[in-house]
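Engineer: Sequence plus the predicted model coming up.
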Amino acid sequence: MRLADDPEVADFRAEFSAFLDANLPAEGAARDRSRSSAHVPDWARRWQRTLFDAGWLLPGQPPEYGGRGATLPQQLAHLEELARRRIYHSFNPQGLGIIAASLITFGTEEQKRRWAVPILRAEITAALGMSEPEAGSDLASLRTRAVLDGDTFTVNGQKIWTSGAHDADVLLAFVRTDPDAPKHKGISALLIPTAIEGVVRRPFGSIAAEDDLDFNEVFFTDVRVARENLVGPLNEGWRVANGSLGHERTLLWLSFAERLEDLVQDAADVGAGQDWYATLLMDLQALRLLGYRQLGPDRDPAELSVLKLLGSEAVQSASLHALEAHGADALSHPARTGPYHHMNNEAFISSWFERYVRSFAGTIAGGTSEIQRNIVAERILGLPR
């Protein structure tokens, strides 16, 4: 249980807080807003580079990757301070938290220099090509093929739900390179620049709004990709994929805690005295205490599934109760339901309708609730498959 920062973490938090006070962009400089999860306005690019250069972008990384070798409790303090001020960590979250992190773990030195550092410095943006029409949560069923001939792959296939692809400079795409291998084998990870011939990106609206253009269909037709863009060993993309999702999941629970904290504040006008609001408060406290257990030396990676399951479904349940409690007014769209901050993502304070429908993404991305329940059943409870 974590009741307060130890002195080292408290000093770390105070230093970062002072940095934010001195360097945050002014509201007037942030009028241009992000249009997708790979569209980073110029002011946000400059801000991300400022964080990188000062070692505050990913403090757990070494300085060459925007950090300062921070401990896990210090990294938590860094994210908590951003959340407390409602500062969105990066307007290219997959590029920062999954793709660059995966390149640092699995990439060559050249890939780190050419792709990871520019993504971290917001000089380019990236999107993650995993899901396909016949392979959503089941990545091992993917059908996009990449045939190696000499030093070049030829890629054919389709991805879907690829967030921000139409604004991204590069995709980290998972492709099948050995069709005869078992289901979880024969998969490889490729960096595919989106500007090369044969890549077609088609954004489409979401349930939140017809003009909410983040999701994409991506088509590959005889796309030629250099072998040097292969991330990790050939046919070992499953290990890269698990590592990519591992980067996403480590402190993913904290993002759900942030959303619950926002709901505590933004729904207080209709929640006071209601059972669902009391449940919201208890879910938030339980999630934080369970999350703090992961800071210790004996943490079990399987327990991250408990956090992901609890956090995502608690957000969804509380969002539904807030929607229902506000009655017909909750369907007014667009609307603002929380305090505006120019450093935040407006989706988090949009109409109660949008906040509810967006909560479903939390139960899907990073591994569906069904997958998390299987992990909990098998790896924690020891139940048979």
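Structural biologist: Looks like it came in fine. Numbering: from 1, shown residues only.
Engineer: just checking, Pro118 touches Ile124?
Structural biologist: Yes. Contact criterion CB atoms under 8 Å: Pro118 and Ile124 qualify, at 4.7 Å. For every residue, glycine as well, the C-beta is placed using N, CA and C.
Engineer: How about residues contacting the longest strand seen in the chain?
Structural biologist: Assignment by DSSP state E gives strand 216-226 as the longest strand of the chain. Contacts to strand 216-226, defined as CB atoms under 8 Å, 6 or more residues apart in numbering, come from residues 127, 129, 144, 146, 151-166, 171, 173, 190-192, 196-204.
Engineer: Could you check how far that strand is from the centre of its chain?
Structural biologist: Remark: strand 216-226 is offset 23 Å from the chain centroid, using CA atoms, centre = their mean, to the nearest Å.
Engineer: Partner strands of that strand and their direction?
Structural biologist: strand 152-160 (antiparallel), strand 199-203 (antiparallel) (DSSP bridges).
Engineer: all strands for the chain, in order.
Structural biologist: 126-129, 145-149, 152-160, 170-176, 187-193, 199-203, 216-226, 230-231.
Engineer: what's the distance between the nearest residue to Asn344 once chain neighbours are set aside and Leu20?
Structural biologist: Nearest residue to Asn344 in three dimensions, chain neighbours excluded: Arg86, at 4.4 Å (CB to CB, 6 or more residues apart in numbering). Distance of Arg86 to Leu20, given as CB to CB, to the nearest Å: 12 Å.
Engineer: neighbour-wise, which of those two wins?
Structural biologist: The residue with more neighbours, out of Arg86 and Leu20, is Arg86; 20 against 16, by other CB atoms under 10 Å.
Engineer: Distance of the more buried one relative to Lys159?
Structural biologist: Here Arg86 is placed at a distance of 32 Å from Lys159 (CB to CB).
Engineer: What segments of the stretch 51-200 of the chain are helices?
Structural biologist: Along the stretch 51-200 of the chain, the stretches classed as helices by DSSP state H, counting those that start in this stretch are 72-84, 93-94, 100-106, 109-111, 117-120.
Engineer: Nearest to Ser317 among these would be which one?
Structural biologist: When the helices of the stretch 51-200 of the chain are compared by CB to CB, helix 72-84 sits nearest Ser317, at 20.4 Å.
Engineer: other SSEs contacting the closest one?
Structural biologist: With contacts taken as 3 or more CB pairs under 8 Å, 6 or more residues apart in numbering; DSSP states H and E, helix 72-84 sits against helix 7-23, helix 252-266.
Engineer: Any chance you could list what contacts the shortest one?
Structural biologist: Residues from elsewhere that reach helix 252-266, judged by CB under 8 Å, 6+ apart: 76, 79-80, 83, 86, 280-281, 283-284, 287-288, 290-291, 294, 304, 307-308, 310-312, 314-315, 318-319, 322, 337-338, 348-349, 359, 362, 366.
Engineer: tell me which residues in it are buried?
Structural biologist: Along helix 252-266, these residues count as buried under the neighbour rule (16 or more other CB atoms under 10 Å): 252-264, 266.
Engineer: If you rank every helix and strand of the chain by mean pLDDT, what lands last?
Structural biologist: Lowest by mean pLDDT, DSSP states H and E among the helices and strands of the chain is helix 237-249, with a mean of 72.
Engineer: got a list of what the closest residue in space to Lys183 that isn't next to it in sequence touches?
Structural biologist: Computed as CB to CB, 6+ apart, the closest residue to Lys183 that is not its neighbour in sequence is Ala140, at 4.6 Å. For Ala140, the contact set (CB under 8 Å, 6+ apart) comprises Lys183, His184, Ile187, Trp238.
Engineer: Name the residue most distant from the centre of the chain?
Structural biologist: Gly150 (34.8 Å; CA atoms, centre = their mean).
Engineer: And the pLDDT for the closest residue to that one other than its chain neighbours?
Structural biologist: Nearest non-adjacent residue to Gly150, counting by CB to CB, 6+ apart: Arg227, 7.9 Å away. Per-residue confidence (pLDDT) for Arg227: 98.
Engineer: Make residue 1 into 893 and carry on from there
Structural biologist: Understood, numbering begins at 893; the last thing we discussed is Arg1119.
Engineer: So Arg1119 sits against Asp1041, correct?
Structural biologist: No. Arg1119 lies out of contact with Asp1041 (CB under 8 Å); the separation is 9.6 Å.
Engineer: In terms of packing, which of those two has more residues around it?
Structural biologist: Neighbour totals were compared for Arg1119 and Asp1041, and Arg1119 leads with 13 against 9 (other CB under 10 Å).
Engineer: Roughly how far does the more buried one sit from Trp935?
Structural biologist: 38 Å.
Engineer: and if you look at Trp1007?
Structural biologist: Going from Trp1007 to Trp935 by CB to CB gives 23 Å.
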